[in-house]
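# would you be able to build a 3D model of this:
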Amino acid sequence: MNESMDRLRDEMAKRHDHPGVQAVGEYLCRRLEDDAEIAPAFLAEGKSLTGAFGEIEAYARKHQKGGMCYVTDSTAWEVVCRYYGIPEETPEKAETHAPAQASDGEAGCLHSMNTAGGHVNHTYAALDLDTLLGGM
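Prediction:
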């Protein structure tokens, strides 16, 4: 498990400027802490956080309409799990590992794609701090 965690963290350090790689890495590190049995998946040849995020982007491109696409967190994590060949989480476990959700339950990234397939801009769902902090 330590070797897998080190590999994830090493790539996160190398790609510190890429928020998508960071989000995928944080998610997988939390999953690995809870389930050591998935550790070998992160050592597989040709698998990387960059590749996993690339799969999310490919999914988004495939499902775009009018140059726009939206990928919810749950869909993104399903894509990442398929990429690594690890089991998807049960809904209650996913809630503890996923980034904070907006109050409407649909957190994610809205991408505007240009004709070359590059990102024009990103709009992320806002956090509802009242919900996250339990109305403190």
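# ok, now which ones touch the nearest residue to residue 80 once chain neighbours are set aside?
Leaving aside its sequence neighbours, residue 80 sits nearest to residue 52 (Cβ to Cβ, 6 or more residues apart in numbering; 4.8 Å). For glycine as for every other residue, the C-beta is placed from the backbone atoms N, C-alpha and C. Going by Cβ atoms under 8 Å, 6 or more residues apart in numbering, residue 52 touches 24, 28, 79-80, 83-84.
# do that again at 10 Å, thanks
By Cβ atoms under 10 Å, 6 or more residues apart in numbering, the residues touching residue 52 are 11, 20-21, 24-25, 27-28, 42, 76, 79-84.
# buried residues of the biggest helix by length in the chain, list them for me.
Longest helix in the chain, counting residues (DSSP state H): helix 19-34. For helix 19-34, burial by neighbour count (16 or more other Cβ atoms under 10 Å) applies to 20-25, 27-29, 31-32.
# what of stretch 40-58?
Neighbour counts over stretch 40-58 (16+ other Cβ under 10 Å) mark 41-42, 48-49, 52-53, 55-57 as buried.
# could I get the average pLDDT for that stretch?
For stretch 40-58, mean pLDDT rounds to 96.
# with stretch 63-73 instead?
Per-residue pLDDT over stretch 63-73 has a mean of 86.
# export it as PDB, just CAs?
Extracted in PDB, the C-alpha atoms of stretch 63-73 (Å, rounded to 0.1, in the frame of the first residue of the first chain):
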ATOM      1  CA  HIS A  63     -20.900  13.700 -24.200                       C
ATOM      2  CA  GLN A  64     -20.600  17.400 -25.100                       C
ATOM      3  CA  LYS A  65     -23.500  19.200 -26.800                       C
ATOM      4  CA  GLY A  66     -23.100  22.600 -28.400                       C
ATOM      5  CA  GLY A  67     -19.500  22.700 -27.400                       C
ATOM      6  CA  MET A  68     -20.400  22.400 -23.700                       C
ATOM      7  CA  CYS A  69     -20.300  19.500 -21.300                       C
ATOM      8  CA  TYR A  70     -20.900  18.800 -17.600                       C
ATOM      9  CA  VAL A  71     -19.500  15.900 -15.600                       C
ATOM     10  CA  THR A  72     -20.800  15.400 -12.100                       C
ATOM     11  CA  ASP A  73     -18.400  14.200  -9.400                       C
END
